[in-house]
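# Predicted model and sequence below, questions to follow.
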Amino acid sequence: MDEPGEAETAAGLARLEGYLMCQTAVKQAEREGKEFARAMKWLGSGEQEEIASLFAQHHLRLRKEALRAIIERGEELQTRYSRRYADFRTRLIGICIGACAIGFTAAVLLTLL
């Protein structure tokens with residue numbers, strides 16, 4: 001990001017996207033709650049509304065828990081693979097230095113012969 005305001009713009013867009021996704025999840029949970037409660041025809045309208053609300057709350061709680069688990073797993077994987085990459089890079093640099101040393105030594109020996 002070259003411009004100083006680009007990071008702020010990206011952060012603002014990410015927040016807006018998060019807000020919109022949250023609102024979509026809430027609407028979906030409410031819709032599914034209403035559909036679930038509507039199937040219980042023996043309940044009165046007030047009871048159906050209460051069941052729909054409880055269903056939506058439960059649905060959103062499960063969704064939040066799933067997202068937290070995904071975030072935690074992503075952070076674990078990022079840490080693990082960052083370490084692996086650093087180890088790989090260290091080994092590769094060591095191999096390159098060793099190969100250069102062997103090549104240099106071979107070149108010196110060949111010039112002496």
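Thanks, I have the structure now. Small disclaimer: the values here were computed from a predicted structure and weren't measured.
# Determine the set of other helices and strands touching the helix or strand where L62 lies.
Here L62, judged by DSSP states H and E, is contained in helix 45-112. Other helices and strands packing on helix 45-112, by 3 or more CB pairs under 8 Å, 6 or more residues apart in numbering; DSSP states H and E, are helix 4-38. The C-beta positions use only the backbone N, C-alpha and C, and glycine is treated the same way.
# counting contacts, what elements does the helix it packs on pack onto?
Going by 3+ CB pairs under 8 Å, 6+ apart, helix 4-38 lies up against helix 45-112.
# any idea how far the helix it packs on is from the chain center?
10 Å (CA atoms, centre = their mean, to the nearest Å).
# got the angle between that helix and helix 4-38?
140 degrees (axes from the mean of the first three to the mean of the last three CA atoms, to 10 degrees).
# Now W42: phi and psi?
phi -80, psi -10 (degrees, to the nearest 10).
# Retrieve the pLDDT associated with it.
Looking at W42, its pLDDT is 93.
# Distance check, R15 against E6.
Using CB to CB, to the nearest Å, we find R15 at a distance of 15 Å from E6.
# for L92, same thing?
Between L92 and E6 the computed distance is 33 Å (CB to CB).
# SS state for K41?
Here K41 is recorded as coil under DSSP: H, G, I helix; E, B strand; the rest coil.
# ok, how many other residues are close to it?
Counted with other CB atoms under 10 Å, residues neighbouring K41 total 7.
# same deal with A52?
By other CB under 10 Å, the residues close to A52 number 22.
# Let me see the contact set for it.
The contact partners of A52, by CB atoms under 8 Å, 6 or more residues apart in numbering, come to E30, G33, K34, F36, A37.
# change it to 6 Å
Each residue near A52 by CB atoms under 6 Å, 6 or more residues apart in numbering is listed here: G33, K34, A37.
# among the helices and strands of this protein, which one scores worst on average pLDDT?
Least confident element among the helices and strands of the chain, by mean pLDDT, DSSP states H and E: helix 4-38 (a mean of 93).
# Please point out which parts of that helix sit buried.
A25, A29, E30, G33, K34, F36, A37 (16 or more other CB atoms under 10 Å).
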